[in-house]
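Asks: Got a predicted model here, sequence first, then my questions.
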Amino acid sequence: MTIKKLVEQIEAKKSFLCVGLDVDLEKIPTHLLEEEDPMFAFNKAIIDSTHHLAVAYKPNTAFYEAYGLQGWRSLERTIEYLNERHPDIFTIADAKRGDIGNTSTRYAKAFFEDLQFDSVTVAPYMGKDSVEPFLAFENKITILLALTSNAGAFDFQTRSLEDQELYKQVLQTSLNWENAHNLMYVVGATKAEYLADIRAIVPDHFLLVPGVGAQGGDLEAVCRYGLNKQVGLLINSSRGIIYASQGRDFAEAAAASALSLRTQMQQILDAR
Ligand SMILES: O=c1ccn([C@@H]2O[C@H](COP(=O)(O)O)[C@@H](O)[C@H]2O)c(=O)[nH]1
């Protein structure tokens, strides 16, 4: 999917919501455990009840890898379902990959060609030659971890190296890499106070922003400096939506939680 199509979706739905599909068999309603593929059954119900409110879905691959081959099959079914039913929706494999060049190429093939995701999250730590193999895929997006939502982000990312914080160097340096137009960046919603500085370096790129809901990030604070002229934000909520209820009404509760975020987004966009 192209960025242009993503922007069209955002305008049509007045939403920049990304629903995180972090499925945990210990948290899903017990009646679903009787299904042949409980993880897929759960995801399908969530997608069916929220697709009109969201422009993106983000399965975090850890939640599938934890269940071995069966989990990977559930991930495969989920992305196939999204691509067949909702080809206009942007898909993110939150896998946080990155390795030496030839290995990165294999990761990129796994997520872009085999699974047919629109994007994958990548760690910048190994540098240019570990990220460019992902960027070489045209119309596929590489989402680079810039300033993450967790407390450990302060261990390295905000530390200065040669008088500039590491996350700023990641942003600035990556703009010089080949096919930098295929980049987005992860910035945690819990780091909203950094967004003015971030936008000064990457005014036009999309930011994937996890951390609203369960991690306490504030949507309005993120939008204050995070929005750009084409919106430029994908706000992710995982647990806050998919586990809004752990009972039989989980899909309806997920829709209500997604609607509440979408309504706030609509108000913010209308007030611009
Ligand atoms: O900085 C980051 C990068 C990735 N994540 C991931 O996003 C979701 C957030 O889930 P919630 O339940 O909405 O807290 C999850 O998959 C994380 O691994 C992040 O939180 N922060």
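Replies: Cool, got the structure.
Asks: got the buried residues for stretch 52-68?
Replies: 53, 54, 55, 56, 57, 58, 59, 60, 61, 63, 64, 67 (16 or more other C-beta atoms under 10 Å). From N, CA and C alone the C-beta is placed, and that goes for glycine too.
Asks: show me the contacts for the first one.
Replies: Yep, that's residue 53 we're talking about. By C-beta atoms under 8 Å, 6 or more residues apart in numbering, the contact set of residue 53 is 13, 15, 17, 255, 258, 259, 261, 262.
Asks: can you do 7 Å?
Replies: By C-beta atoms under 7 Å, 6 or more residues apart in numbering, residue 53 lies in contact with 15, 17, 258, 259, 262.
Asks: Over to residue 263?
Replies: Applying C-beta under 7 Å, 6+ apart, one finds that residue 263 lies in contact with no residue.
Asks: if I look at it, how far off is residue 219?
Replies: 11 Å (C-beta to C-beta, to the nearest Å).
Asks: go on, residue 193?
Replies: With distances defined as C-beta to C-beta, the gap from residue 193 to residue 219 amounts to 14 Å.
Asks: between these two, which one's more packed in?
Replies: When residue 193 and residue 219 are compared on other C-beta atoms under 10 Å, the one with more neighbours turns out to be residue 219, at 22 against 10.
Asks: The more buried one contacts residue 233, doesn't it?
Replies: No - with the criterion set as C-beta atoms under 7 Å, residue 219 and residue 233 do not qualify as a contacting pair; they are 9.5 Å apart.
Asks: Under a three-state scheme, what state does the closest residue to residue 42 other than its chain neighbours occupy?
Replies: Counting by C-beta to C-beta, 6 or more residues apart in numbering, residue 42 lies nearest to residue 28, which is 4.7 Å off, once chain neighbours are set aside. In three-state terms, and counting by DSSP: H, G, I helix; E, B strand; the rest coil, residue 28 is coil.
Asks: I'd like to know how far residue 28 sits from residue 116.
Replies: The gap separating residue 28 from residue 116 is 25 Å, by C-beta to C-beta.
Asks: okay, the two: which has more neighbours?
Replies: More neighbours surround residue 28 than the other of residue 28 and residue 116, with 22 against 15 (other C-beta under 10 Å).
Asks: The more buried one against residue 38, yeah?
Replies: Yes - taking contacts as C-beta under 7 Å, residue 28 lies within contact range of residue 38: 6.4 Å.
Asks: which residue ranges form the helices in the stretch 51-200 of the chain?
Replies: For the stretch 51-200 of the chain, applying DSSP state H, counting those that start in this stretch gives helices covering 62-65, 68-85, 101-108, 128-135, 153-156, 166-174, 195-201.
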